[in-house]
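In: below are the sequence and a predicted model; questions follow.
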Amino acid sequence: MGIRVKILGSNSAAPAHRRHHTSQLVNIEGQYYLVDCGEATQLQLKRYKIRAQRIKTIFISHLHGDHYLGLMGLLSTMHLMGRKTPLTLYGPKGLSEIITLQLKYSETVFNYPLTFHEVDATTSKVIHEDDFVTVTSIPLNHRIPCSGFLFEEKKKKRRVVRASLPEDISIRNIVRLKNGEDAIDQDGNVIFQNNLVTKPPRKSFSYAFCSDTKYDESIVPIIKDVDMLYHEATFLDEHMDRASNTYHSTAKEAATIALKANAGRLLLGHFSVRYKELEPIAEEARTVFPESHLALEGEDFILEE
């Protein structure tokens, strides 16, 4: 597997036209990362048969309601369903206080450990790392502190050609081969050279999530050559003034960022409620960046070799 992005919500401000608030599930090697958690996110998870208890890490971009008001409900449901697995939450200053206050007045103590990491929206740095991915924050230009998130898969292991090896080769030597080392016997002698019995690792992919932001080229160096970019496209270009005044972007501006960043693919989302039909947004973006796609709810966008 590479990176699989499931769109759970794609609207801005308010739910409309059967579209919900922003939320995405990023699946990397079977590890679930939730990005933003607008209202109805847990209902969308159920709708698409995604087990919420498998989510171990949640990233919240900023504290406008359409990006986090579903969080407390999701956390509470995890608690009520008997979750014991630790959960890690990344978000802006103030989010921990909001959660703590609600727990205080509901006299609730979660069954599971919840760890909060505050994200500095003014700088780009690695905020999360595990065995599968490195996540870097992306400072965005919005009315309140807001961060995007760059997911970069870790370098994958070499692929062993089993047909070139005896059936009784040890697990220890299989591990060595996958790590790029030669297979050896008990005396340390090389019995199989790595380059003769393995193939190069599969490609590692990258995905950048850029939620609410006005057009700002300062993010381009951070997301340069990203395989897939999600960039908000709240308005059409005819409403450029409205976009700028509300610290949002147009479809053409999102496409321009994708072009300048040399992105492989662009996903467009965070649609204004004024647009019932979305195809004009895609068409506008494609005049600048042909590989532009609507982030429609329920769609899976996959990066794999």
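Out: Good, I have the coordinates.
In: do you know how far the residue located most distally from the centre of the chain is from Thr77?
Out: Distance from the centre of the chain peaks at Asp187, with 46.3 Å (Cα atoms, centre = their mean). Distance, Asp187 to Thr77, by Cβ to Cβ, to the nearest Å: 57 Å. Glycine gets a C-beta too; all of them are placed from N, C-alpha and C.
In: tell me the average confidence for the one helix or strand Leu267 maps to?
Out: Element membership for Leu267, per DSSP states H and E: strand 266-269. Average pLDDT, strand 266-269: 98.
In: partner strands of that strand, with direction?
Out: Sheet pairing of strand 266-269 (DSSP bridges) gives strand 228-232 (parallel), strand 292-294 (parallel).
In: same list, the ones you listed, but as CSV with distance to Asn173, mean neighbour count and mean pLDDT please.
Out: Formatted as CSV, these follow (distance: least, Cβ to Cβ, whole Å; neighbours: other Cβ atoms under 10 Å; pLDDT from 0 to 100):
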stretch, distance to Asn173, mean neighbour count, mean pLDDT
strand 228-232, 36, 30, 98
strand 292-294, 44, 21, 98
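In: how many neighbouring residues does Lys125 have?
Out: Using other Cβ atoms under 10 Å, the number of residues around Lys125 comes to 9.
In: run a quick neighbour tally on the closest residue to it other than its chain neighbours.
Out: Counting by Cβ to Cβ, 6 or more residues apart in numbering, Ser137 is the residue found nearest to Lys125 once chain neighbours are left out, at 6.0 Å. Other residues near Ser137 number 23, with proximity taken as other Cβ under 10 Å.
In: next one: the helix or strand encompassing Ser137 to chain centre, how far?
Out: Per DSSP H and E, Ser137 falls inside strand 133-139. For strand 133-139, the separation from the chain centroid amounts to 9 Å (computed by Cα atoms, centre = their mean, to the nearest Å).
In: the strands in the stretch 1-150 of the chain, which residues?
Out: 3-9, 23-28, 31-37, 55-59, 87-91, 114-118, 126-129, 133-139, 147-153 (DSSP state E, counting those that start in this stretch).
In: quick one: low-confidence ranges for the stretch 151-300 of the chain?
Out: Along the stretch 151-300 of the chain, no part satisfies pLDDT under 70.
In: just to revisit the earlier point, isn't the residue nearest to Lys125 up against Pro145?
Out: No. Counting by Cβ atoms under 8 Å, Ser137 stays clear of Pro145, with 10.9 Å between them.
In: intersection of neighbour lists for those two?
Out: Residues touching both Ser137 and Pro145 by Cβ atoms under 8 Å, 6 or more residues apart in numbering: Ala121.
In: for Leu267, what are its contacts?
Out: Counted by Cβ under 8 Å, 6+ apart, Leu267 has contacts Val5, Ile7, Met228, Leu229, Tyr230, His231, His293, Leu294, Ala295, Phe301.
In: ugh, wrong one, Asp168
Out: By Cβ under 8 Å, 6+ apart, no residues touch Asp168.
In: from Ile174, how far off is it?
Out: 11 Å.
In: same check, this time on Arg158
Out: From Arg158 to Ile174 the distance is 11 Å (Cβ to Cβ).
In: quick one, which of the two is more surrounded?
Out: More crowded of Arg158 and Ile174, by other Cβ under 10 Å: Arg158, with 18 against 14.
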